[in-house]
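K.L.:
Sequence and predicted structure below; questions after.
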Amino acid sequence: MSPIENTSRSQGDMARVHTMANLPWKEFPGHFGGALSKALVGLDNAGTRRIDFRISRYAPAAYVEDHVHKVQEQIYYVLEGEGVLTLDDNPYLMRPHDYVYIPPGVRHGFANTGISGLVFFVITTPFEDSETTP
């Protein structure tokens, strides 16, 4: 990843251009069966504590377990495949171009129920799920 040249800014204030292929796939805690994500923008690669932006690809039957965020808000935007999103025990079939906003305090999980990969963007703010996050 290389920042756009601007020597008057601090490391966390630089715009960045990146090639997604250079980032590793990772199975984050609470994700199972090939529920993989690439952290595109976040604390580690952009120095931001305000946003976490990922692309996720879940293999058939892969899932993230139900969980609740204290202060984080999330948006999921489906690019490919299909899966069932659960919001407080209510299931919703999600397909390409469907999206959801999940406010803090809503229990949610997502599972690939299709026969091909489920690919979607995840936008989370703030980066950390803490009452003291700036």
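P.N.:
Okay, I see it.
K.L.:
Q72 against T125, yeah?
P.N.:
Yes: Q72 lies in contact with T125 (Cβ atoms under 8 Å); the separation is 6.7 Å. In this view, the C-beta of every residue, glycine as well, is placed from N, C-alpha and C.
K.L.:
For W25, see how far away K38 is.
P.N.:
6 Å (Cβ to Cβ, to the nearest Å).
K.L.:
I'd like the next helix or strand past the lowest-mean-pLDDT helix or strand in the chain.
P.N.:
Using mean pLDDT, DSSP states H and E, strand 2-3 stands out as the lowest-scoring helix or strand of the chain, at a mean of 48. Toward the C-terminal end, the helix or strand that comes next after strand 2-3 (DSSP states H and E) is strand 16-17.
K.L.:
Show me what the next helix or strand after that following strand pairs with in its sheet, parallel or antiparallel.
P.N.:
Per DSSP H and E, strand 16-17 leads on to strand 31-32 as the next helix or strand towards the C-terminus. Its sheet considered, strand 31-32 pairs with strand 63-67 (antiparallel) by DSSP bridges.
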